[in-house]
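A.B. asks: With the sequence up front, the predicted model follows.
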Amino acid sequence: MTSPFKGLKSRFVELKIGEDTIRARPLVEDAEAFLTMKKEMTQEDAKIVSKIMVDMIVRANPDEDKEDIEQFVARHYGELLMKVAVIFGFTTEDKVLELKKKLPGTG
């Protein structure tokens, strides 16, 4: 029987964002910070979410320029936010697709 944990610390999560596939490396600390977000987020909460997304990508892509990654996050913020929620198990890909269909101009 193969362990579900073996080598996990070295693996990446691949995310399809627009036409690109990027790598991210989530940590427990990211999930904990994400979990503390309130329904009505403050500017401080939003900064924490932004940091989570940038840090996850930076960890998986240490040779890339952090400012370039920040710009990527800025340009794909909503999609990344939904993907992060799926990574941490707060929603499913199906629920995200269902929500997107309900949004004006996306269905």
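C.D. replies: Yes, it's here.

A.B. asks: so what's Val58 up against?
C.D. replies: Residues near Val58 by CB atoms under 8 Å, 6 or more residues apart in numbering: Glu64, Lys66, Ile69. For every residue, glycine as well, the C-beta is placed using N, CA and C.

A.B. asks: got it, and Val54?
C.D. replies: Lys66, Ile69, Glu70, Val73.

A.B. asks: The contacts of Val58 into JSON lines, with extra columns for neighbour count and secondary structure?
C.D. replies: Shown next, in JSON lines, are those (neighbours: other CB atoms under 10 Å; DSSP: H, G, I helix; E, B strand; the rest coil):
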{"residue": "Glu64", "neighbour count": "14", "secondary structure": "coil"}
{"residue": "Lys66", "neighbour count": "13", "secondary structure": "helix"}
{"residue": "Ile69", "neighbour count": "19", "secondary structure": "helix"}
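
A.B. asks: Which member of the residues you listed is positioned nearest Thr91?
C.D. replies: Nearest to Thr91, judged by CB to CB, of the contacts of Val58 is Ile69 at 23.7 Å.

A.B. asks: I figured that closest one hits Ile57, correct?
C.D. replies: Yes - here Ile69 reaches Ile57: they are 5.0 Å apart, a contact under CB atoms under 8 Å.

A.B. asks: quick check, nearest of the contacts of Val54 to Met37?
C.D. replies: Taking the contacts of Val54 together and measuring to Met37 by CB to CB, the closest member is Val73, at 16.3 Å.

A.B. asks: hmm, back to that, and the contacts of Val54, which is closest to Ser3?
C.D. replies: Nearest member of the contacts of Val54 to Ser3, counting by CB to CB, is Ile69, at 31.6 Å.
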